[in-house]
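J.: Build me a model:
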Amino acid sequence: MTTVAVLANPPEEGAVPQSLVDDGVVSEAEAATLYRAMVADVCEAVQSSGAELLVNYRPADQLSVDVEDPEDALRSVVEDELDDTGDIRYEVQVGSTFAARVGNTVTHLLEREEVQTAAAVTPTAAFLGRQHVDSAAMKLRRSEVVLGPTTDGRVYYAGFSEPVDFDGAYDAPAVESLVAAADEATLDADFLPMLPVLESATDLGTALPLLRARADAGLRVPLRTAGVLFDLGFDEPRDR
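T.: Purely as a prediction, here's the structure:
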């Protein structure tokens, strides 16, 4: 079984990633509402797969705003939105950079807890589906590193059956840096299909047409994320 760590911030104003706010696409409050929806959609995708869900949260002293209890803030989202939450784990992130936090989590799971495979995603990977998580688990039986690429050389999923040296592993372009880390450790790498993420105005330009097209075709979409975006007026093309 793969343990998938969702590295998340509490979905509160000022605590969530600010790129969409900085790009003038949404307000602080709208960004928090959207992030909450993405947390729920990504956690549901992992929970509905054959993987174990680990919600990995930033400690209060590493947040840019005052949040009394980050774990409780995330629990309130997950327990309100998902069914059968009793087996979901919550653990604090350790590390001063994103790469360090992923590395500490993955290495701890593989070496200390001796799980078979471990992976890291973030809530901005809202298009992640159960099929992607399960496909990655199958690929990890043959390759020690499995990556889900997205635009601009980023990754939405990184799975491992053996740890790598994570120092610099997420340097842009992350997909190349992670493969280089795998090569350095003489590990094989494989890939999932490319999916959009929702981190910036440019990302919205990629994700929204796909979201609207999939909804029109009656295919799976991240329901909570789509609902928030459509409520904000993104069901029609919006000038940015």
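
J.: Every contact and neighbour count from this point should use C-alpha atoms.
T.: Noted.

J.: Can you tell me how far the residue nearest the centre of the chain is from residue 140?
T.: Nearest residue to the geometric centre of the chain (CA atoms, centre = their mean): residue 122, 1.8 Å. Counting by CA to CA, to the nearest Å, the separation of residue 122 from residue 140 is 19 Å.

J.: what does residue 202 give?
T.: Following CA to CA, the distance that separates residue 202 from residue 140 is 31 Å.

J.: between the two, which one's more packed in?
T.: residue 140 (25 against 14; other CA atoms under 10 Å).

J.: residue contacts, that one?
T.: By CA atoms under 8 Å, 6 or more residues apart in numbering, the contact list for residue 140 reads 117, 146, 159-161.

J.: List the contacts of stretch 141-155.
T.: Against stretch 141-155 from outside (CA under 8 Å, 6+ apart): 136, 139-140, 156-162, 172-176, 182, 187-197.

J.: can you check stretch 223-232 too?
T.: Outside stretch 223-232, the residues within contact range by CA under 8 Å, 6+ apart are 33-34, 37-38, 40-41, 126, 211, 235.

J.: do stretch 46-54 as well
T.: Stretch 46-54 has contacts (CA under 8 Å, 6+ apart) with 1-6, 43, 87-91, 129-131, 133-134.

J.: and what of stretch 96-103?
T.: Counting by CA under 8 Å, 6+ apart, 93-95, 120, 163-170 sit against stretch 96-103.
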